[in-house]
Structures are given as C-alpha cells and as structure tokens.
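Student: kindly return the folded structure for what I paste below:
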Amino acid sequence: MKLSLARDVTLTDVESGAVLLDGRHGRYWQLNASGTAVLRRLLDGHAPDEVAASMSEVAPVAEDRARQDVRALIDSLSAAHLLEVSP
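Tutor: Residues are numbered from 1 along each chain as shown. Predicted coordinates:
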C-alpha cells in the first residue's frame, strides 16, 4: 500500500502537531502530535502494521489498538479526500 497526500493538499507542522490544508476546498484538518507522527511515517513508505507496531513500543497502547487507530486515520483522511491510497 502506498499513501500520498492528495493533489492540492499541504501538510504543515504546528506546535501541537500538524495541519492538513485542502487548497481545493479551503478546508483544514488539525492532527495532534501522535497523528502527525503516524501520517509522516506512512507518507515515508512505512506499512500501516509497521507503524502500529512502532507506536505500541513507544506509547502505552496495545498493538491491536494501534493498528485500529492507524487504519482509522487512513480511512478518515481518505474519506475526506486528503490522502490517496494506492496498492
């Protein structure tokens, strides 16, 4: 699975995490520090399960829960047309 930001979407770091700006519609999404770290790793080409495993090593979260959270982030950003998912 390859993930990339959708066309006209920018990712900008802010003090509390990052902001995704959808230039097509003038909407933005704010991510906390954890969401930002997950998204950056996914965009760098790491597999969702790999990202979830590393999350569970550094945070007090079970790996199954981390997998669900990573998948939920991917699904939410994809549904908002901010993230493109290709096989």
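
Student: then the biggest helix by length in the chain to CSV, C-alphas only?
Tutor: Ranked by residue count and defined by DSSP state H, the top helix of the chain is helix 63-79. Extracted C-alpha coordinates of helix 63-79, given in CSV (Å, rounded to 0.1, in the frame of the first residue of the first chain):
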residue,chain,number,x,y,z
GLU,A,63,-0.6,-3.3,19.2
ASP,A,64,-4.2,-4.3,18.1
ARG,A,65,-5.5,-0.9,19.3
ALA,A,66,-2.6,0.9,17.5
ARG,A,67,-3.5,-1.0,14.3
GLN,A,68,-7.1,0.1,14.6
ASP,A,69,-6.0,3.7,15.2
VAL,A,70,-3.7,3.8,12.2
ARG,A,71,-6.4,2.3,10.0
ALA,A,72,-8.9,4.9,11.3
LEU,A,73,-6.6,7.7,10.4
ILE,A,74,-6.0,6.4,6.9
ASP,A,75,-9.8,5.9,6.4
SER,A,76,-10.7,9.3,7.8
LEU,A,77,-8.1,11.2,5.7
SER,A,78,-9.1,9.1,2.6
ALA,A,79,-12.8,9.8,3.1
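
Student: state the mean pLDDT of that helix.
Tutor: Per-residue pLDDT values over helix 63-79 give a mean of 95.

Student: please apply the same query to stretch 28-45.
Tutor: Computed over stretch 28-45, the average pLDDT equals 96.

Student: next one: that stretch to chain centre, how far?
Tutor: Distance of stretch 28-45 from the chain centroid (C-alpha atoms, centre = their mean, to the nearest Å) equals 4 Å.

Student: which residues does it contact?
Tutor: 2-5, 11, 13-14, 16-22, 48, 50-51, 54-55, 59, 69-70, 73-74, 77, 80, 82 (C-beta atoms under 8 Å, 6 or more residues apart in numbering). In this view, the C-beta of every residue, glycine as well, is placed from N, C-alpha and C.
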